[in-house]
Each structure stands twice: as structure tokens, then as C-alpha cells.
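**Student:** Sequence and computational prediction follow.
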Amino acid sequence: MKELILSKKLNFTTTTNLAKAFQNIKEPTTLIFKKGFAQPAGITLLSSLINSKREFISIEYEKIEELNYLQRTNFFKNLNFEIDKKFPQDDRANNLLECTKILDDDDPYEIDIRLKKILEAHIEGKPNLVLGILLTVYEVVDNILEHSTGEAFKQSDRAIKTPAFVSAQYYNNRNNHIEVGISDGGKGIVDTMAEEYSEFSREEVLLKAFELNTTRHRKFFPSRGNGLAKLKHFVLLSGGSIRCRTNEFEITFSPLYPNGHIEEVEPIIGTHFEIMIGCYSDIDTNPVFEIDYSDYEDDLDDFFD
Amino acid sequence: MIIAMKNFVPLNSHQSGIKVKNKILEELAKNDELIILDFDGVDIFTDSFIQQLTIILAQEIGFKKLKGRVKFRNLNDFLLKMVKEKLYIASGKKLVKKEKDIDILLKRAEEIATQKSDGYLSMLKVSTGWKVFLNSANVDKNMEKEKVLKLPSFNSLDEALYYFISKPI
């Protein structure tokens, strides 16, 4: 029996560093938890990694109390580990969106209800910020359901075989932000889009995924594929950041890298996001919806009561 | 004819948009009645959802017919902007990108300065690029100059402002 020791706080960076070890698992392996504290992007990424090798994995821990936090996020329950039965779940924290599985078009609804409650409890008087956070999660989840398997566009409801995971937590500390973690076990952004954008290098394809009008279906729907571009713009205006690990790359958008910074890293299965959204003040959405309708607004007014 | 959009939530995909679009097409075929899409009780929808009811519906029935037969009601300000953006594209007009980010960033930097340093905010262009920081600095004094030089520099003012907003120093 092999062992894999988890001795560090599970955040996006420490967990991505475990990706290779997980991909090499080919026989029964015990995960030994020595630290139970984790952040949303670490939880979702680890969930996705474990899920990809679930049949080989069992778990052990040093102190069960240390696992309380992971337990509260539904981490063990999602992955069908027995530990869930050993101690009951505490009351739901009002700053935490528990790790939620995404398998089909109905699942985002539960996230929507839960996330709204958290945002209403903590972010007052910032309506655009609240809606922008909801939109960010909606857009990434939509993207996963639409693209992670690389299948053709479907008119009807969608479902994926390998679950994606979403979690979020509001931090009312000096930086006042919300962290959203989203991970899927699909083909990865670059592999999914490379064929449609064969004239570009793989790095360019990844950058394009975060630009307007980028879609696998561009011949049929040239105006599609704006979701990631919109959320990037919104997150940057909040003073936040996006890190995305997919295929052989990690791409970062942040105040330091508003146009994106790509590093070549160890290949990983799926696509994994760590999204930090600043909650310092409300967002002016005019620049997000990039349009100048100053000479056209009267005409559009016919559409509204 | 009023279609209550809250009956279709979550409005989070092309597929949910297609369901509503099909309902609109069904109603359009019945008679000449105006179709009102009522968003009362709807907080948010995705870009993909609203594309179906604007750009793609306009491709199918024509922008003129869309404008004459479909109305949007009870949209919050956030969603109203999304819908206007899509209708603008649906109309076939070329998009003109606003270069207004700098205004927004300046406003947010000013808010931070008001809260943290009595409104004092410095924006400095030096040989290595732009620096933005709280308070004012007398760069003629050696100590203050060194402190300012240590701050990160950026090629453009908006990059420096983005950085300042995330880490007000």
C-alpha cells in the first residue's frame, strides 16, 4: 500500500503541486491528512484529483478534529468516504459555500441559492458586486457543462460523467474578498479549443479563451464564448485575480498581469480555477459591458417598458 | 402575452435560453400580440442565456421583427446593460469599445485614499514606469525617495492603479 501525505494547508498552489503524484497513482494508496485546513480552490482541486483515482484511494488522519473544516465543506461526503459518518456535520457556516458537485444543468441552482445567502449576509450596498460574483460562478459552471467533454453543441439539457466541484468562502479580513474554487475533470481548455483555433499556438489559444467571441463553435455561433472574458474583466475591476491551471499551462490574470501571464507547468487533467474577487467597494459595470450606445440608445428604448 | 422568466430559472446556459426562445417562437406564430419577457424575481443570467433571446433570435426572425414584437420588462440595472449590449450586437451595428477603465480605477483609488489616508493619493511617473501609492511623498528627501523607488512600477497608469486597488500601500 502506497502513502501520500498531505501535510500542508490545502490551497490552490499546494494542491496543484500534488497533481503529478495523483496522476501516477496506479495501485491502492492511502492519503494521510496531517492538516485539515483548506481554501476553496484547494478543496475543489483536491476533490477533482481524488475523484480521478477514487477506486485506488483510502484515507487516514492524525487527529479527527483537524478534519472538521474539510468535513464542513462536504469534502468527504462528495467523495464517498466513510469518515462522514464518524462525526456529524456542524451547522452551516454563513461565509462558506460547501463544495458542491456539478453533474448536470440542475445543479447550479443549488449553488445560486446558497451563494446568494452568503453574499446577502456579508456584502451590503454593493448590488453590482453581488450580481457580478453570482455571474462569475454561473459563467464558469456554464463553461464546464458546455465544453469540458469537448462534445458537440447540444440543444437540450446537458450532463457530464465526471463531476466538477465548486466551493467559495467569504473572508472578512484586511483584504475583504471572496475566493471561488472551481475544478472539472474534463479535457482542458486548450485541448478542447485547439482544433477550432489551429492557426494559433497553444499558449495563444489559452489567452484567446479569455477574450470576447472565442468559441469552439465559431462557424455556427460567431458571437458566442464571452463568458470567461466578461468574468475576467469583472474580477480585474474588483482588484481581484484569476488563476487557471489547464493542460500544460497555468494562466494568471491579476493587477500585475491584466493581460494574462502564462507559465508552462506539469500537465494536469481537467481545468481548475482559483478566483479571488475583491469586495472592497461596488463595481461600475459600464466597462464590463463594452458598448457605446450613446448614439443608439433611443432606438433600443423601444425594447423596454 | 407575458412570459414570466422566473419560471425558467436557472437562466444559466444556451440551453435554458433555447427553451425560452422556443416558447417565444411558439407565441409569435400564434398571433400578432406583443410578447413581454418579464424578469421580475430574476437576479442574474449568463451571457449565453441572453444571446439566445437577442442575437440568435434576431438571426432567426430578423432584428426588425424582434424589435416590433418582443419587449423586456423588470430588468435590474446590471441585466439591463447586458441586454442592451446584446441588442446592440443583434442590430448589426459595429461595437465600439469604450476606453473608460481608467475613470473607474481612478474613482476606486480615490475612495481607498479617502478611507485610508485622508484623501491623499500619489501617482508618479518615473524612469521605470508608473507608481501609485497612498499619502504624498517628498521625493527630494532621500529616505522618502528610497521608499518610493522600492514600490513596484508599471508600464501604464491603469496597470499601476489595478495593483494599487488590490494592495493599497
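**Tutor:** Arrived safely.

**Student:** ok, what's across the strand from A:His272?
**Tutor:** Counting by DSSP bridges, A:His272 forms beta bridges with A:Ser183, A:Arg245.

**Student:** pretty sure it is touching A:Thr44, no?
**Tutor:** Yes - because the distance of 7.2 Å satisfies C-beta atoms under 8 Å, A:His272 is recorded as touching A:Thr44. Bear in mind the C-beta positions are built from the backbone N, C-alpha and C, glycine included.

**Student:** shared neighbours of the two, anything?
**Tutor:** Shared contacts of A:His272 and A:Thr44 (C-beta atoms under 8 Å, 6 or more residues apart in numbering or on different chains): A:Gly181, A:Ile182, A:Ser183.

**Student:** What about those residues, which one has the most neighbours?
**Tutor:** Most neighbours among the shared contacts of A:His272 and A:Thr44, by other C-beta atoms under 10 Å in any protein chain shown: A:Ser183, with 34 neighbours.

**Student:** show me what contacts it?
**Tutor:** Contact analysis of A:Ser183 by C-beta under 8 Å, 6+ apart lists A:Ala41, A:Thr44, A:Leu45, A:Ser47, A:Ser48, A:Ala164, A:Phe165, A:Gly270, A:Thr271, A:His272, A:Phe273.

**Student:** nearest residue to the last one other than its sequence neighbours?
**Tutor:** What sits nearest to A:Phe273 in space, not counting adjacent residues and going by C-beta to C-beta, 6 or more residues apart in numbering or on different chains, is A:Ile182, at 4.4 Å.

**Student:** and that neighbour, what does it touch?
**Tutor:** By C-beta under 8 Å, 6+ apart, the neighbours of A:Ile182 are A:Ala41, A:Thr44, A:Val137, A:Val140, A:Val141, A:Ile144, A:Ala164, A:Phe165, A:Val166, A:His272, A:Phe273, A:Ile275.

**Student:** tell me the least confident of those residues?
**Tutor:** Among these, A:Ile144 carries the lowest pLDDT, at 82.

**Student:** And the lowest mean pLDDT element among the helices and strands of chain B?
**Tutor:** helix B:142-150 (a mean of 74; mean pLDDT, DSSP states H and E).

**Student:** tell me what that helix is packed against?
**Tutor:** Helix B:142-150 sits against strand B:121-126, with contacts defined as 3 or more C-beta pairs under 8 Å, 6 or more residues apart in numbering or on different chains; DSSP states H and E.

**Student:** what's the angle between the strand it packs on and helix B:142-150?
**Tutor:** Relative orientation of strand B:121-126 versus helix B:142-150 (axes from the mean of the first three to the mean of the last three C-alpha atoms, to 10 degrees): 80 degrees.

**Student:** helix or strand right after the least confident helix or strand of chain B?
**Tutor:** Downstream of helix B:142-150, the first helix or strand assigned by DSSP states H and E is helix B:157-166.

**Student:** does any part of that next one sit near chain A?
**Tutor:** Yes - applying C-beta under 8 Å from any C-beta of the partner chain, one finds helix B:157-166 touching chain A at B:Asp158, B:Glu159, B:Tyr162, B:Tyr163, B:Phe164, B:Ile165, B:Ser166.

**Student:** where are the low-confidence patches of the chain?
**Tutor:** Unless you meant another one, I'm taking chain A. A:36, A:84-92, A:147-159, A:212-225, A:287, A:289-298 (pLDDT under 70).

**Student:** ah, I was thinking of chain B
**Tutor:** For chain B, the ranges with pLDDT under 70 are B:94-101, B:137, B:139-143.

**Student:** now do 80
**Tutor:** Across chain B, residues meeting the criterion (pLDDT under 80) sit at B:92-104, B:136-147, B:149, B:166-169.

**Student:** C-alpha coordinates for the longest helix seen in chain A, CSV please?
**Tutor:** The residue-count maximum for a helix in chain A (DSSP state H) belongs to helix A:127-147. Coordinates of each C-alpha in helix A:127-147 appear next as CSV, following Å, rounded to 0.1, in the frame of the first residue of the first chain:
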residue,chain,number,x,y,z
PRO,A,127,-25.5,45.3,-5.8
ASN,A,128,-23.3,45.1,-8.8
LEU,A,129,-20.6,43.3,-6.9
VAL,A,130,-23.1,40.7,-5.6
LEU,A,131,-24.5,40.1,-9.1
GLY,A,132,-21.0,40.0,-10.6
ILE,A,133,-19.9,37.3,-8.2
LEU,A,134,-23.0,35.3,-9.0
LEU,A,135,-22.4,35.8,-12.7
THR,A,136,-18.8,34.7,-12.3
VAL,A,137,-19.8,31.4,-10.8
TYR,A,138,-22.6,30.9,-13.3
GLU,A,139,-20.3,31.6,-16.3
VAL,A,140,-17.6,29.2,-15.2
VAL,A,141,-20.1,26.4,-14.4
ASP,A,142,-21.8,27.0,-17.8
ASN,A,143,-18.4,26.7,-19.4
ILE,A,144,-17.7,23.4,-17.7
LEU,A,145,-21.1,21.9,-18.7
GLU,A,146,-20.7,23.2,-22.3
HIS,A,147,-17.1,22.5,-23.0
